[in-house]
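Engineer: This is the structure alone, sequence omitted:
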């Protein structure tokens, strides 16, 4: 292999040892289920700041990961009433759709009123059926 690649044998051996360490570290990294994440977040919230570091090391986590999980859980809990399948969620969605429609209609009417006022300022209040002002 050394002759084929042109890399000295000691370097290849060193890379192989390092790769073994990486493989063992990757093997230690596990996939967390939602229940496990919730357990860790709940347990960490009970701990004092001084004990949190030790707990995170024992779990093999970084504080940033824990904070990300906490934000995710809070987002899910705050949005639980808006689930698509729930009747409340469907009603909220319908009401929001109706509100957007009414906002658009209101903006259109406001624009028409502004245009009418500008036209009135430019040409006056007269139209074809109004007799001309004498004076």
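Structural biologist: Perfect, thanks for sending it. Keep in mind that what you see is a predicted model, and the values were worked out from it rather than measured.

Engineer: Could you tell me the average pLDDT over the strand or helix carrying residue 107, please?
Structural biologist: Using DSSP states H and E, residue 107 maps to helix 87-123. What helix 87-123 shows for mean pLDDT is 92.

Engineer: which secondary structure elements does it contact?
Structural biologist: Applying 3 or more CB pairs under 8 Å, 6 or more residues apart in numbering; DSSP states H and E, we find helix 87-123 packed against no helix or strand. Yep, even glycine has a C-beta here, placed from its N, CA and C like the rest.

Engineer: how far does that helix sit from the chain's center?
Structural biologist: Centroid displacement of helix 87-123 relative to its chain, using CA atoms, centre = their mean, to the nearest Å, is 29 Å.

Engineer: in that helix, what counts as buried?
Structural biologist: Within helix 87-123, no residue is scored as buried using 16 or more other CB atoms under 10 Å.

Engineer: same thing with stretch 30-39?
Structural biologist: With burial defined by 16+ other CB under 10 Å, the residues of stretch 30-39 counted as buried are 32, 37.

Engineer: chain center to that stretch, what's the gap?
Structural biologist: 20 Å.

Engineer: same deal with stretch 117-126?
Structural biologist: On CA atoms, centre = their mean, the centre of stretch 117-126 falls 49 Å from the chain's centre.

Engineer: Would you mark the buried spots in whatever helix or strand residue 64 lives in?
Structural biologist: Assigned by DSSP H and E, residue 64 falls within helix 63-78. Buried residues in helix 63-78, counted by 16+ other CB under 10 Å: 66, 69, 70.

Engineer: which one of these is nearest residue 32?
Structural biologist: residue 69 (8.1 Å; CB to CB).

Engineer: Wait, that closest one touches residue 39, no?
Structural biologist: No: using CB atoms under 8 Å, residue 69 is not in contact with residue 39; the gap is 10.5 Å.
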